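Student: task: produce atomic coordinates for the following.
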Amino acid sequence: MELTDAALLYLDDALLILDKPAGLPVHATLDAARDHLLLAAARLLARRGESPGVLGLGHRLDVGTSGLIALGRRQDVTAKLAAQFAERTALKAYLALTQRADPLPQAPLEVRNHLAGNKDRHGFPVLAVRSGGDRAWTTLTVQQASAQAVLWRAELHTGRRHQIRAHLAGIRMPLIGDVAYGAAIAADRPMLHAARLQLDHPLTGAPLVFRVPPPADFLLALQRLGLTARAADWL
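Tutor: As a prediction, this is how the structure comes out:
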């Protein structure tokens, strides 16, 4: 999958901010022939006459998630990026399109629990657990709602695997298209988009804020489910 120049949101000698398309893994998988974001980013930079350097991931997105992701172009920069995400000084907010269940919260909903992988491999891949697991905290705010669906703003305070997906499924509102978490409304991928990213430049310390609207498939899903593509809801 080739990244276009439109996917490149920020570039300097240290840092690369991209708008990742859904369906592209962020790193190598067990299938050595499968393309991934690090390779696609290196090709994009080469087409621009740039040396990619040593590209590394400051954080991760699921293969089906679209939106903002930060890459370092040097190992020390990647380590500093990763530290910001680990220490939660970098902030991420997502748009999540889910099935509707009532009652809807009228105020931001704070979902706090502990999550762990499902060792039995039956049901959800990641589950809330009473003991053990990793602390997980997501703030969920309703942006729009129709008879069938809800558009949420999801802000991560921790960064656990599948955190937003598991938390939404836990309140009986799985992401549209997220079959692994019980979605009954079909889509080609789970409708989750990383729409806003706030971090400090890993070398200069300058505050950086990026916003990117959802892609065409997300907007079409909104319209199909009776919601509107309002720029005000793009965080």
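Student: only C-alpha atoms from now on, for both contacts and neighbour counts.
Tutor: OK.
Student: contact partners for residue 150?
Tutor: Contacts for residue 150 were tallied using Cα atoms under 8 Å, 6 or more residues apart in numbering; they are 97, 98, 99, 100, 142, 143, 144.
Student: from those residues, which land in strands?
Tutor: The members of these that map onto strands under DSSP state E are 97, 98, 99, 142, 143, 144.
Student: burial of the third one, as a residue count?
Tutor: So that's residue 99. The local packing of residue 99 (other Cα atoms under 10 Å) involves 23 other residues.
Student: then the first one?
Tutor: Around residue 97 sit 29 other residues, with neighbours defined as other Cα under 10 Å.
Student: tell me the bridge partners for the nearest residue to it once chain neighbours are set aside.
Tutor: Setting aside the residues directly before and after it, residue 97 is nearest to residue 151 in space (Cα to Cα, 6 or more residues apart in numbering), at 4.6 Å. When bridges are taken as DSSP bridges, the partners of residue 151 come out as residue 97, residue 144.
Student: if I look at residue 151, how far off is residue 92?
Tutor: Computed as Cα to Cα, to the nearest Å, the residue 151 to residue 92 distance reads 17 Å.
Student: neighbouring contacts of the lowest-mean-pLDDT helix or strand in the chain?
Tutor: Across the helices and strands of the chain, mean pLDDT, DSSP states H and E gives its lowest value to strand 126-128, namely a mean of 90. Counting by Cα under 8 Å, 6+ apart, the neighbours of strand 126-128 from elsewhere in the structure are 113, 114, 115, 116, 117, 118, 161, 162, 166, 170.
Student: mind listing what the closest residue to residue 147 other than its chain neighbours touches?
Tutor: Nearest residue to residue 147 in three dimensions, chain neighbours excluded: residue 100, at 7.2 Å (Cα to Cα, 6+ apart). Contacts here follow Cα under 8 Å, 6+ apart; on that basis residue 100 touches 145, 146, 147, 148, 149, 150, 173.
Student: likewise residue 19?
Tutor: Shown here is residue 19, whose contacts under the criterion Cα under 8 Å, 6+ apart are 7, 8, 9, 66, 67, 68, 69, 212.
Student: which of those fall within strands?
Tutor: Checking these against DSSP E, those in strands are 8, 9, 66, 67, 68, 69.
Student: can you name the next helix or strand after the helix or strand hosting residue 164?
Tutor: Residue 164 is part of helix 163-170 when elements are defined by DSSP states H and E. Next helix or strand after helix 163-170 toward the C-terminus (DSSP H and E): strand 192-200.
Student: quick one: the residue nearest to residue 106 when sequence neighbours are not counted from residue 168, how far?
Tutor: Excluding its sequence neighbours, the residue lying closest to residue 106 (Cα to Cα, 6+ apart) is residue 142, at 7.7 Å. Here residue 142 is placed at a distance of 12 Å from residue 168 (Cα to Cα).
Student: which of the two has more residues huddled nearby?
Tutor: Per other Cα under 10 Å, whichever of residue 142 and residue 168 has more neighbours is residue 168, with 22 against 19.
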